[in-house]
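Q: Show me the folded form of this:
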Amino acid sequence: MAVINRIGDYHDEMTGWRRHLHAHPELGFEEHATAAFVADKLRAFGVDEVHEHIATTGVVGVIRGRAAGRRIGLRCDMDALPLTERTGAPYASTRPGRMHACGHDGHTTMLLGAARYLAETRNFTGEVVVIFQPAEEGFGGARVMLEQGLLERFPVDAVFGLHNWPGAAVGSFAICKGPIMAATDTFAVTVNGRGGHAALPHTTADPVLAAAATVQALQGVVARNVPPKESAVISVTGLKGGDAYNVVPDAVEFWGTVRTYTAEMRKLCQERFEAICHGVARAHDCDARIDFRRGYPPTVNSDRETEFAADVAAEVVGDARVNRHATPSMGGEDFAYLLEKKPGAYILMGNGPGDHGRVLHSPAYDFNDDALTVGVSWWVRLAERYLAA
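A: Coordinates of the predicted model:
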């Protein structure tokens, strides 16, 4: 691998940063200590501009090259998850119910490492804008940063993001053109009927039966409405109703998520979802109240920037270790909002074996510090090549 030697020299220091962040996790829009840590480091590195309190806890740094030129945006996420850690690591979370279970501590560290190197060397023209984003985990921090004028204050020609990926070897990358992550819509449905004695079901309008039939019927959307070459997921993840063995309840609730890769499939799935919920409920003499919420849009990589990101990854780890046709994930990512505004790409970086300790959003997860220099080298080469004189 062509990891940059200078970056390798401060691997131990970066490991210390990462483990400090891991021990002090903060949830979305609460990353005050994390943001202060980031801002202090950027100033110590000699970054030209350091801006704080964007979308509450977001931080943006600007690093100027040797002459005027294009601008590139490099983005990472900083927030943790509401989990109680079970890694047993000496640097485990000191905050019960808070944990870096998705590797954002590693992401923050890698972008800090890149900012340090780029501020030291400045082997580029133009500007590098490093974006330390809050609240990726469900709160849409990227959207809020955009609403508060991120791209107007810090215009860029393209924007790039990176996420660690358990199960892929350290020193490997994966990317694809077009959608790489899905839209993350959610739903909650209340089926209202007419309860009564379970021994006299003919006197009721049974919402349990209606809800069960609806859940089954919803599986037909993907099977019969989504074209075979398209992809979609409708998952009901919870159902609740009733309190007694001998009572038919008045109402039953169920909830879950819909994942799609395109605007067309997103629209189709929502329309079919609502039609089925209402229709099946009416067929059982019940009615359905639907709360369908649009989440993050699909994360869609632009073609040219995808090729560029893959080429840079190949420079760092070798072409054989770069999967340029990765299978898109049905997971979601609010970097999607940035890619709706600017051309760019989102790449996945190997984080090691996919055992229990390397599963995202697991209480046993831990970022692999061996991957730090790989990620920093990719960030640095990406910026230098994009802003080459």
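Q: can you pull out the strands in the stretch 151-300 of the chain?
A: For the stretch 151-300 of the chain, strands defined by DSSP state E, counting those that start in this stretch occupy the ranges 158-165, 173-174, 178-181, 183-192, 196-197, 232-240, 247-248, 251-260, 287-293, 299-301.
Q: And these: which comes nearest Gly318?
A: Between Gly318 and those, the shortest gap by Cβ to Cβ is with strand 173-174, which sits at 10.2 Å. Where C-beta positions appear, they are placed from N, C-alpha and C, glycine not excepted.
Q: Quick check: closest non-adjacent residue to Trp379.
A: Ala114 (3.6 Å; Cβ to Cβ, 6 or more residues apart in numbering).
Q: does the one you found really touch Val380, like I thought?
A: Yes - using Cβ atoms under 8 Å, Ala114 is in contact with Val380, at 5.2 Å.
Q: ok, back up a step: dump the residue contacts of the residue nearest to Trp379.
A: By Cβ atoms under 8 Å, 6 or more residues apart in numbering, Ala114 lies in contact with 74, 130, 376, 379-380, 383.
Q: how would you label it: helix, strand or coil?
A: Three-state assignment for Ala114 (DSSP: H, G, I helix; E, B strand; the rest coil): helix.
Q: re earlier: and the strands of the stretch 151-300 of the chain: which comes nearest Gly331?
A: Closest to Gly331 of the strands of the stretch 151-300 of the chain, according to Cβ to Cβ: strand 178-181, at 5.7 Å.
Q: Run through the strands of the stretch 1-150 of the chain in chain order.
A: Counting by DSSP E, counting those that start in this stretch, the strands of the stretch 1-150 of the chain are 49-54, 58-64, 71-77, 127-133.
Q: Can I get the ones you listed in a markdown table including distance to Val3 and mean neighbour count?
A: A markdown table is the format used below for the strands of the stretch 1-150 of the chain (distance: least, Cβ to Cβ, whole Å; neighbours: other Cβ atoms under 10 Å):
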| stretch | distance to Val3 | mean neighbour count |
| --- | --- | --- |
| strand 49-54 | 27 | 16 |
| strand 58-64 | 21 | 24 |
| strand 71-77 | 18 | 24 |
| strand 127-133 | 19 | 27 |
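Q: Of those, give the one that comes closest to Gly242.
A: Taking Cβ to Cβ, strand 71-77 is the member of these nearest to Gly242, at 40.4 Å.
Q: domain ranges for this structure?
A: Domain assignment for the chain by automatic domain parsing gives 5-181+298-386, 183-293.
Q: Can you add mean pLDDT and give these back as CSV?
A: Converted to CSV, the domains of the chain look like this (pLDDT from 0 to 100):
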stretch, mean pLDDT
domain 5-181+298-386, 96
domain 183-293, 98
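Q: Please, where are all the helices along the stretch 201-350 of the chain?
A: Using DSSP state H, counting those that start in this stretch, the helices of the stretch 201-350 of the chain run over 207-224, 263-283, 303-317, 335-341.
Q: now what about the first one, what contacts it?
A: To tie it back to what came earlier, the one meant is helix 207-224. 189, 191-193, 195, 232-234, 236, 239, 241-242, 248-254, 269, 272-273, 276-277, 280-281, 283-284, 286, 288.
Q: With the last one instead?
A: For helix 335-341, contacts defined as Cβ under 8 Å, 6+ apart pick out 73, 75, 136, 140, 142-143, 146, 151, 159, 161, 181, 183, 296-302, 344, 346.
Q: could you flag which of those are buried?
A: Buried by 16 or more other Cβ atoms under 10 Å: 73, 75, 136, 140, 142-143, 146, 159, 161, 181, 183, 296-302, 344, 346, out of the contacts of helix 335-341.
Q: Glu264 versus Val208, what's the distance?
A: Distance, Val208 to Glu264, using Cβ to Cβ, to the nearest Å: 34 Å.
Q: how close does the residue nearest the centre of the chain sit to Ala68?
A: Nearest residue to the geometric centre of the chain (Cα atoms, centre = their mean): Glu333, 3.0 Å. Between Glu333 and Ala68 the distance is 32 Å, computed by Cβ to Cβ.
Q: For the closest residue to Glu230 other than its chain neighbours, the count of nearby residues, please.
A: Once flanking residues are discounted, Glu230 sits nearest to Met265: 5.6 Å by Cβ to Cβ, 6+ apart. Residues contacting Met265 under the criterion other Cβ atoms under 10 Å number 23.
Q: looking at it, Met265 is touching Val233, isn't it?
A: No - judged on Cβ under 8 Å, Met265 makes no contact with Val233 at a distance of 10.4 Å.
Q: still on that earlier bit, can you tell me which of the helices of the stretch 201-350 of the chain is nearest to Ala2?
A: For the helices of the stretch 201-350 of the chain, proximity to Ala2 was assessed by Cβ to Cβ; helix 303-317 is nearest, at 5.5 Å.
Q: Between strand 158-165 and that closest one, find me the angle.
A: Going by axes from the mean of the first three to the mean of the last three Cα atoms, to 10 degrees, helix 303-317 is angled at 50 degrees with respect to strand 158-165.
Q: Return the residues in contact with Glu52.
A: Contact analysis of Glu52 by Cβ under 8 Å, 6+ apart lists 35, 39, 58-59.
Q: what's the closest of the residues you listed to Cys176?
A: Gly58 (28.0 Å).
Q: and that closest one, bridged to which residues?
A: Beta-bridge partners of Gly58, counted by DSSP bridges, are Ile54.
Q: Quick check, it in contact with Pro134.
A: Yes - at 5.1 Å, Gly58 and Pro134 qualify as touching, with contact defined as Cβ under 8 Å.
Q: okay, and the common contacts of these two?
A: Joint contacts of Gly58 and Pro134 (Cβ under 8 Å, 6+ apart) are 35, 141.
Q: Could you point out which of the strands of the stretch 151-300 of the chain sits nearest Arg43?
A: Each of these has some distance to Arg43 by Cβ to Cβ; the shortest is strand 158-165, at 23.3 Å.
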